[in-house]
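Participant: prediction below, plus the sequence it came from.
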Amino acid sequence: MKNWVEQFEDEKRKLNQLGNESLENGIPLFENDAVQAQSRKVDELIVQLHRRVGFNDR
């Protein structure tokens, strides 16, 4: 299994690629379901990091 940093970088790279392709095709990011799904994956990895290092809601 990939470590967290490698997984995060891979998912972030995929998000950037999808976002660039969407914009090149004239599709707004908020209308692109693939971009939104990938963004949620990246968000979930960030939440996992916050939980690991003990960030609390303010």
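Facilitator: Thanks, I have the structure now.
Participant: let me know how buried Glu9 is, in neighbour terms.
Facilitator: Counted with other C-beta atoms under 10 Å, residues neighbouring Glu9 total 12. The C-beta positions use only the backbone N, C-alpha and C, and glycine is treated the same way.
Participant: tell me how far it lies from Lys2.
Facilitator: Using C-beta to C-beta, to the nearest Å, one obtains 9 Å as the distance from Glu9 to Lys2.
Participant: just list the residues touching Pro28, thanks.
Facilitator: Residues in contact with Pro28, defined by C-beta atoms under 8 Å, 6 or more residues apart in numbering, are Ser22.
Participant: what pLDDT does it get?
Facilitator: As predicted, Pro28 sits at a pLDDT of 97.
Participant: which phi and psi does it have?
Facilitator: phi -60, psi 140 (degrees, to the nearest 10).
Participant: check Gly26 too.
Facilitator: Gly26 has phi and psi values of phi 70, psi 20 when expressed as degrees, to the nearest 10.
Participant: do you know how far it is from Val47?
Facilitator: The spacing between Gly26 and Val47, counted by C-beta to C-beta, is 32 Å.
Participant: looking at those two, which one has more neighbours?
Facilitator: Set side by side, Gly26 and Val47 give different neighbour counts by other C-beta under 10 Å, the larger being at Val47 (11 against 6).
Participant: buried residues, the helix or strand harbouring the more buried one. List them.
Facilitator: For Val47, the host element (DSSP states H and E) is helix 33-53. Neighbour-count burial for helix 33-53 flags Val35, Gln38, Ser39, Lys41, Val42, Leu45 (criterion: 16 or more other C-beta atoms under 10 Å).
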